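S.K.: Take a look and give me a structure for this.
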Amino acid sequence: MWYEVHPTPVKGKDGRNLMYVRPKSGLKMNMRQLEDYCERNYSMRYGEMSRAFDMFMRAAGWFLSEGYRIETPIGSFAPKLSLRRKVTNANEVKDRDVQLEGVEYNPGKIWNREIDKWLDGFRRYDNPDTQEIMADKESLEQVLKDCLEKYHGFVTAGLFAHASGLTLYSARKQLNAWTQGDHPKLQKSVRGKEHIYTEV
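M.R.: Okay, the predicted model is just below:
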């Protein structure tokens, strides 16, 4: 498995950033590619897996809406609830106070066992050094300029991370830094669920 090494914001005993590892970025597979793979290697008819997922989601959606936890060969699914307001007395909780937050997924150890069947060690991918990139402000400003031109005057942390080679955390940190001070380069605003940075 290809992996990358990146710094965390947490400092170690020597005063330097602690490191963390993650699988190499950019390795993604969509459902269509997975279907192609299964058709070629496991004698499945194309579309069979999508139909199975679709049926599972419809049936599981109904049971989850009834409050069931669903145990499956790929892990367990359960509805996650929360209260819309802070309440200290159980008798004060009304139906309208309860909200669905989403679905909790617990894979257990099944995926560890399945991956271990195939895993044959790790290989380091020579990803860019985040601290070196962050230190080269001139290059970062050029990347920002290119992004603003390409995306018609705006950029997101994800787009900037992809263009600069930074982690999402570092990209967001740099973009936020450009919104500060007496003469900021960028203005930050919320659009949907993400922050948009526009030229000042």
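S.K.: so what's the nearest residue to Arg96 once chain neighbours are set aside up against?
M.R.: Take Arg96 and drop its neighbours on the chain: the residue closest to it by Cβ to Cβ, 6 or more residues apart in numbering is Arg84, 7.6 Å away. To be clear about C-beta, it is placed using only N, CA and C from the backbone, and glycine gets the same treatment. Contact analysis of Arg84 by Cβ atoms under 8 Å, 6 or more residues apart in numbering lists Arg96, Asp97, Val98, Gln99.
S.K.: residues touching Phe53, list them.
M.R.: Met31.
S.K.: So which of the contacts of Arg84 is surrounded by the most neighbours?
M.R.: Neighbour counts for the contacts of Arg84 peak at Asp97, which has 13 neighbours (criterion: other Cβ atoms under 10 Å).
S.K.: surely that one meets Asn89?
M.R.: No: checked against Cβ atoms under 8 Å, the pair Asp97 and Asn89 is beyond contact range at 11.7 Å.
S.K.: ranges for the helices of the protein?
M.R.: Taking DSSP state H to define them, one finds helices in the chain at 31-41, 48-65, 110-118, 130-135, 137-150, 157-164, 168-177.
S.K.: Ile74: which of those is closest?
M.R.: helix 110-118 (6.7 Å; Cβ to Cβ).
S.K.: per-residue pLDDT, Pro107?
M.R.: The model reports Pro107 with a pLDDT of 92.
S.K.: got a list of what the closest residue to it other than its chain neighbours touches?
M.R.: With sequence-adjacent residues excluded and distances taken as Cβ to Cβ, 6+ apart, Pro107 is closest to Gly75, at 3.9 Å. For Gly75, the contact set (Cβ under 8 Å, 6+ apart) comprises Tyr105, Asn106, Pro107, Gly108, Ile110, Trp111.
S.K.: switch to 7 Å and redo it
M.R.: Counting by Cβ atoms under 7 Å, 6 or more residues apart in numbering, Gly75 touches Tyr105, Asn106, Pro107, Gly108, Ile110.
S.K.: Check the contact between the second one and Ser76; I expect there is one.
M.R.: Yes: with the criterion set as Cβ atoms under 7 Å, Asn106 and Ser76 qualify as a contacting pair; they are 4.9 Å apart.
S.K.: Quick check on the two: which one has the bigger neighbour count.
M.R.: Between Asn106 and Ser76, counted using other Cβ under 10 Å, the more crowded position is Ser76 (13 against 10).
S.K.: Quick check: buried residues in the lowest-mean-pLDDT helix or strand in the chain?
M.R.: Least confident helix or strand of the chain, by mean pLDDT, DSSP states H and E, is helix 130-135 with a mean of 81. In terms of neighbour count (16 or more other Cβ atoms under 10 Å), helix 130-135 has its buried residues at Thr130, Ile133, Met134.
S.K.: how far away is the second one from Ala90?
M.R.: Remark: distance between Ile133 and Ala90 (Cβ to Cβ, to the nearest Å) = 52 Å.
S.K.: just Phe77 next, same as before
M.R.: Distance of Phe77 to Ala90, given as Cβ to Cβ: 27 Å.
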